[in-house]
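J.: just the structure for this:
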Amino acid sequence: MGKLTRFRTIDMETGEIIEGVPVYIAPKIKLREGWFMGFQDAFEILAKDQELQGENYKVLLYLLSKLGFENYIAIPQKQIADALNMKKQNVSRALKVLVDKQILLEGPKLGRTHTYRLSSTFGWKGRVKNLAQDRNTVISFPYDAK
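T.: Sure, this is the predicted structure:
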């Protein structure tokens, strides 16, 4: 270990000599957009699932790129289809597979748009304390890889 540099500071009001060492405190970084936390064991299970195929993965990856805070997703199927150059029926079928496998959880409709939440078993975007609460509500691993 390198030499420790010590500093002395004089309190101008009291004349007291205060000794210490320099300490760097990094600024707290607040991430708002463009990130989510993924769980490696869940990604391995997804990768090994023989029923998940190309279009299912494309839709899942696109939805992960649009994941909202607290894992909410509200994107019209037509927007997904246009972005991925897919037929809307194929997007609908992929979403059904992802819901059936409990990778996505169905939420309420917003107008004509279905909403979803990514299961916190697979990833999280939000407050860590809310992740702990969300994962405590899961009785067992919800994913059934066949």
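J.: run through who's touching stretch 85-97.
T.: With contact meaning C-beta atoms under 8 Å, 6 or more residues apart in numbering, stretch 85-97 is reached by 51-52, 55-56, 58-60, 77-78, 80-81, 84, 104, 114, 116. Quick note: C-beta positions are derived from backbone N, CA and C, even for glycine.
J.: would you mind checking those residues for buried ones?
T.: Among the contacts of stretch 85-97, those classed as buried by 16 or more other C-beta atoms under 10 Å are 52, 55-56, 58-60, 77, 80-81, 84, 104, 114, 116.
J.: looking at the contacts of stretch 85-97, which are in helices?
T.: Secondary structure from DSSP state H places 55-56, 58-60, 77-78, 80-81, 84 of the contacts of stretch 85-97 in helices.
J.: ok, these vs Ile25, which is closest?
T.: Ile25 has its nearest neighbour among the ones in helices among the contacts of stretch 85-97 in Leu60, at 39.2 Å by C-beta to C-beta.
J.: shaky segments in the protein?
T.: Residues of the chain meeting the criterion pLDDT under 70: 1-2, 4-5, 22, 31-32, 137-146.
J.: okay, helices next: where are they in it?
T.: With helices called from DSSP H, the chain shows them at 40-48, 54-65, 77-84, 88-100, 128-136.
J.: list the contacts of the nearest residue to Arg135 once chain neighbours are set aside.
T.: The shortest distance from Arg135 to any non-neighbouring residue, by C-beta to C-beta, 6 or more residues apart in numbering, is to Ser120 (5.2 Å). Listed by C-beta under 8 Å, 6+ apart, the contact set of Ser120 reads 71, 131, 134-135, 138.
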